[in-house]
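Visitor: coordinates only, sequence not included:
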């Protein structure tokens with residue numbers, strides 16, 4: 001049996017009944033006092049309105065700060081738009097055309113060329129499903145043969161592309177009734193216009209780079225598996241970008257980039273103008289823009305954060321007033 005030392009609690013317990021009762025009452029009162037202190041410290045948790053006000057204020061403050069940062073970043077970006085589909089020189093589909101643009105200030109490279117299309121829906125169920133994934137991605141290995149109907153054969157795909165002809169990647173001739181490689185509506189509608197950019201002051205023509213613009217997954221897995229049967233170079237990154245459908249009816253696709261700077265002045269841009277948008281009642285534009293740490297210029301990103309942050313802070317003020325209104329003397 002364990003010895004009771006001098007510091008044992010049993011040595012301090014009173015031996016008569018009155019003392020024992022007093023000791024018990026003292027212990028109970030002490031326990032109740034501790035509970036009251038804990039309750040007082042956690043009393044603020046009972047107000048969901050106050051917690052909501054704090055949550056909305058912090059969230060709104062974050063959105064406002066982010067919106068201001070995005071606006072500052074947007075101001076560092078120079079974006080030049082040319083709605084060349086509406087230019088008289090480019091009104092004839094299938095005929096090369098040129099137009100001039102003005103660069104208002106020096107733009108540090110790289111300068112990206114974007115295609116912007118409006119009123120064009122790639123987000124339909126048909127557009128998503130009507131293709132053969134095994135033709136595009138070498139890592140699928142025929143697991144998904146897909147359904148390309150009604151754009152299955154070379155004739156169905158290439159009949160609207162006279163500027164290509166029935167040629168494979170090796171320079172040979174493709175059979176019109178053979179399965180197109182790739183097939184499907186994405187391949188049928190692919191954008192294949194070529195652009196050149198020239199400085200009118202120096203007559204310098206800029207080389208366009210087509211690497212480093214596509215998703216790394218597509219670069220690694222979208223390969224030319226059968227060059228003798230293919231009409232499209234799947235390792236050309238602008239084509240890889242097109243093969244990924246966009247979720248909105250207005251979207252941008254990267255066409256390439258100029259690695260060097262652009263000085264202020266007039267520039268001449270020429271395009272093969274082979275993409276016919278009239279059958280879709282769409283609009284196409286060429287955009288030259290530099291980028292920064294948050295990407296390209298995006299006004300919607302700024303507006304959505306500023307509006308969202310303002311609404312959240314107003315909501316926090318409303319909840320705070322509601323919280324204290326209940327505590328004011330009537």
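Guide: Nice, I can see it. On a predicted model such as this, the values are computed, not experimentally measured, just so you know.
Visitor: which residues in the stretch 201-330 of the chain form helices?
Guide: Assigned by DSSP state H, counting those that start in this stretch, the stretch 201-330 of the chain shows helices spanning 216-221, 237-242, 299-325.
Visitor: burial measure for residue 216, as a count.
Guide: By other C-beta atoms under 10 Å, the residues close to residue 216 number 8. For every residue, glycine as well, the C-beta is placed using N, CA and C.
Visitor: Then residue 156?
Guide: 17.
Visitor: What residues sit buried inside stretch 280-291?
Guide: The neighbour-count check on stretch 280-291 (16 or more other C-beta atoms under 10 Å) flags 282, 284, 285, 286, 287, 288, 289, 290, 291 as buried.
Visitor: Now do the contacts for the first one.
Guide: When the contact criterion is C-beta atoms under 8 Å, 6 or more residues apart in numbering, the partners of residue 282 are 117, 118, 119, 120.
Visitor: Tell me the helices and strands packed up against the helix or strand harbouring residue 186.
Guide: According to DSSP states H and E, residue 186 maps onto helix 185-188. Other helices and strands packing on helix 185-188, by 3 or more C-beta pairs under 8 Å, 6 or more residues apart in numbering; DSSP states H and E, are helix 125-129, helix 154-158.
Visitor: Now tabulate the helices of the stretch 201-330 of the chain in TSV and tack on distance to residue 132.
Guide: Below are these laid out as TSV (distance: least, C-beta to C-beta, whole Å):
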stretch	distance to residue 132
helix 216-221	14
helix 237-242	15
helix 299-325	35
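Visitor: Go through those and name the closest to residue 76.
Guide: helix 299-325 (12.8 Å; C-beta to C-beta).
Visitor: What count of nearby residues applies to residue 267?
Guide: If you count neighbours by other C-beta under 10 Å, residue 267 ends up with 21.
Visitor: In contact with the residue sitting nearest the centre point of the chain, which residues?
Guide: Nearest to the mean C-alpha position of the chain, by C-alpha atoms, centre = their mean, lies residue 295 at 9.4 Å. Going by C-beta under 8 Å, 6+ apart, residue 295 touches no other residue.
Visitor: If it is in a bridge, with which residues?
Guide: Judged by DSSP bridges, the bridge partners of residue 295 are residue 292.
Visitor: For residue 108, see how far away residue 76 is.
Guide: 10 Å (C-beta to C-beta, to the nearest Å).
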